[in-house]
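Enquirer: would you be able to build a 3D model of this:
(chains A and B)
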There are 2 protein chains.
Amino acid sequence: MAKLLQSTPAADGYRMPGEFEAHDGCWMLWPQRPDVWRDNAAPAQHAYCEVATAIARFEPVTVCANRESYTTARAMLPEHIRVVEMASDDAWIRDCGPTFVVNDAGDVRGVDWEFNAWGGELGGLYDSWEQDNLVAQKVLEIERVDRYRAPVVLEGGAIHVDGEGTLITTSACVLNPNRNGKMPREQMETHLRDYLGVSKIIWLEFEAFEETDGHVDGICAFVRPGVLVVDWTDDPESPEYDVCRSVWEQLSGTTDAKGRAFELHKLRAAAPHPITAAEAAGIASVPGSYPRLAGDPIGGTYVNFYIANGGVIVPTYDDPNDEPALQKLADLFPAREVVGVPAREVAMGGGMVHCITQQQPRRRT
Amino acid sequence: MAKLLQSTPAADGYRMPGEFEAHDGCWMLWPQRPDVWRDNAAPAQHAYCEVATAIARFEPVTVCANRESYTTARAMLPEHIRVVEMASDDAWIRDCGPTFVVNDAGDVRGVDWEFNAWGGELGGLYDSWEQDNLVAQKVLEIERVDRYRAPVVLEGGAIHVDGEGTLITTSACVLNPNRNGKMPREQMETHLRDYLGVSKIIWLEFEAFEETDGHVDGICAFVRPGVLVVDWTDDPESPEYDVCRSVWEQLSGTTDAKGRAFELHKLRAAAPHPITAAEAAGIASVPGSYPRLAGDPIGGTYVNFYIANGGVIVPTYDDPNDEPALQKLADLFPAREVVGVPAREVAMGGGMVHCITQQQPRRRT
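Expert: Below you'll find the model as predicted:
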């Protein structure tokens, strides 16, 4: 039913489609870790519910919950959202879930990357990632989708594609020795071409400023082929100040797989609203887990949105920049409804809307 | 997606189809309890694999495994069998799984009965059945099938229907106070009519001789509407000796919902092959769990078969009666392939092929 394939997507004629292409639905995990999510994850669970509910207006949503959280998740989520039992070590299906690929006939397969919690023994964010590493396989089994097991550590948040041959990724993350040791860039490029069906790889170079070691989905996003939004800040104190300028410059100076120059748009980030002492007091301190402390900045980018079939779900931060960001995205996505969802409780755990979602492209066969 | 419905199947025009009607597939659970299955369930897991593999020749099979057994189950089962993570307290999906119902338009819904491990505080076979009681809901969620929650304790092994209005069940089990207290027969009949869409209920009366308190699927089975096989033994020492004669007589003296007299066929059981001392030594003794001891009889009925789309999967016991039973079933099911599967390791846990399977009828909408 769900075969383990020994070839590669590129060899079989499959490619990763753009997120803006049609979906069969969206996958999420359910947060529960008390060392990541304050107050035993209750506020985060409410925030995830809001994201799931917003996406479910546009396409079917499945939320996977650990056994011990199943009845809570089922009770909190609206009943038109599917809830399935699935163990995970945390709640970031963008990173541990499958990357779906499609072929021209409309068939869908899945890529199951190695996952090591963003760095394994060299800076991974928690001690054990055994269950997260099974999430992709379990999702594909449920959907009866055949699977490629890729021989590299990679997170979905580290890659953006336009579905027309272009991949944008970052050296800081994907070539980090804490992912794939000393694997040379050329060898990694071969894997990315093989497993994503891309022909041009754009490596953004910048110094990572957050715990994923520089995920591309925190710095830019495709609106459609040839068009990107780029995270932006005019605050010279922000750790993103230099990064966003450098990324802008790099993207301005390159072309995509089809030879097009990129049309770039700035999305000004929210001001940093650090974790408060009261919030930090609700986060369990556990040896081996990445500490989340009062005063730590919380990411406030708007580029970490999720593109659903008829909508765009955008993280908001109760910040003056919320409204301009939503307005700009509405202009850029005229055929979709742009929906803002409060994301502070998600961002406190280290990611936003894109990080907690994974699209499943539409199967047409 | 999977709605909880407040009405009843009968009110909505749904009925439980006969097992011999077309299926979309079959569900099983994965055995792992060391207090039920000898040698940490390894021999039982092999036996379940054989059953799953036999059924998968005819229709899609999904096996649900607890988190800690997922990778074992996935490794042992052939890859064309779907494996999904799902907690359960043991491995009898006939009894804790959903009862699927269909309507004339070809839509499918599910009935989620209360489950109390065959007797709850009054003789239940293990202490906690919380996970088993969630299995039906979780299966229906995965399949996006709307759900009725029935207000009665009932196991799927306690009911046989012909899909044309007839239900055969047993008083010893379904009216046992350890299931639904003092619920009067008339009230139970109302529930059975409401949730199974039946019009005639045949109550078999006999003294239960095994730990399910007299499941009907251990004593007879429909071949098709109007035609039944009945468990049989000529050994006066057997606990089934009187029961099978009484059941034969009761079925001979009644008619089905369409007014037809039943055509009855005997299936001679295997001789009892008790649990050996060596086998019993491999079963963990756990307080609160039903003890399984050397010398305990192991059920050897052949009526506990599973009817798949083009096949009939029949338990065998390495007994001289295997071959005649398979031959008789081949005669009775001329359009299906009859496949025997060794079932001693399953039977040691208290059931056979029918007890560990649950059909999902074909959706035509």
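
Enquirer: for the helix or strand hosting A:V346, name the packing helices and strands.
Expert: Remark: A:V346 resides in helix A:344-347, with elements defined by DSSP states H and E. Using 3 or more Cβ pairs under 8 Å, 6 or more residues apart in numbering or on different chains; DSSP states H and E as the contact test, the elements touching helix A:344-347 are helix A:42-56. Glycine gets a C-beta too; all of them are placed from N, C-alpha and C.

Enquirer: I'd like to know how many residues surround A:M16.
Expert: 25 (other Cβ atoms under 10 Å in any protein chain shown).

Enquirer: and the helix or strand just after the helix holding A:V346, which strands flank it?
Expert: Using DSSP H and E, the helix or strand that follows helix A:344-347 in sequence is strand A:358-361. Strand A:358-361 has the following sheet partners, assigned by DSSP bridges: strand A:23-29 (antiparallel).

Enquirer: re earlier: residues contacting the helix holding A:V346, please?
Expert: Contacting residues not belonging to helix A:344-347 are listed as A:37-38, A:43-44, A:46-48, A:51, A:273, A:298-300, A:315, A:317-318, A:352-353, A:355-356 [Cβ atoms under 8 Å, 6 or more residues apart in numbering or on different chains].

Enquirer: 7 Å - rerun?
Expert: A:P43, A:A44, A:A47, A:I298, A:G299, A:P315, A:Y317, A:D318, A:M352, A:I356 (Cβ atoms under 7 Å, 6 or more residues apart in numbering or on different chains).

Enquirer: which bits of the stretch 101-250 of chain A sit near chain B?
Expert: For the stretch 101-250 of chain A, the contact set with chain B under Cβ under 7 Å from any Cβ of the partner chain comprises A:L134, A:K138, A:E141, A:I142, A:R144.

Enquirer: list the contacts of the third one.
Expert: Contacts for A:E141 (Cβ under 7 Å, 6+ apart) come out as A:A2, B:R82, B:V83, B:V84.

Enquirer: swap the cut-off to 6 Å and go again
Expert: A:A2, B:R82, B:V83 (Cβ atoms under 6 Å, 6 or more residues apart in numbering or on different chains).

Enquirer: tell me which of those is nearest to B:D107?
Expert: Of all the contacts of A:E141, B:R82 has the smallest distance to B:D107: 22.4 Å, by Cβ to Cβ.

Enquirer: in which helix or strand does the nearest residue to the closest one once chain neighbours are set aside reside?
Expert: Among residues not flanking B:R82 along the chain, B:T62 sits closest, at 4.4 Å (Cβ to Cβ, 6 or more residues apart in numbering or on different chains). Per DSSP H and E, B:T62 falls inside strand B:61-65.

Enquirer: buried sites along the next helix or strand after that strand?
Expert: Moving toward the C-terminus from strand B:61-65, the next helix or strand (DSSP H and E) is helix B:70-76. Judged by neighbour count using 16 or more other Cβ atoms under 10 Å in any protein chain shown, the buried positions of helix B:70-76 are B:Y70, B:T72, B:A73, B:R74, B:M76.

Enquirer: thinking again about what came up before, for the strand holding B:T62, name the packing helices and strands.
Expert: Using 3 or more Cβ pairs under 6 Å, 6 or more residues apart in numbering or on different chains; DSSP states H and E, the elements in contact with strand B:61-65 are strand B:23-29, helix B:42-56, strand B:82-85.

Enquirer: just to revisit the earlier point, most neighbours out of the contacts of A:E141, which is it?
Expert: B:V83 leads those on contacts (other Cβ under 10 Å) with 29 neighbours.

Enquirer: pretty sure that residue is touching B:A73, no?
Expert: Yes - with contact defined as Cβ atoms under 6 Å, B:V83 counts as touching B:A73 (5.2 Å).

Enquirer: now do the shared contacts for the two.
Expert: In terms of Cβ under 6 Å, 6+ apart, B:V83 and B:A73 are both contacted by the residues B:V63, B:A65.
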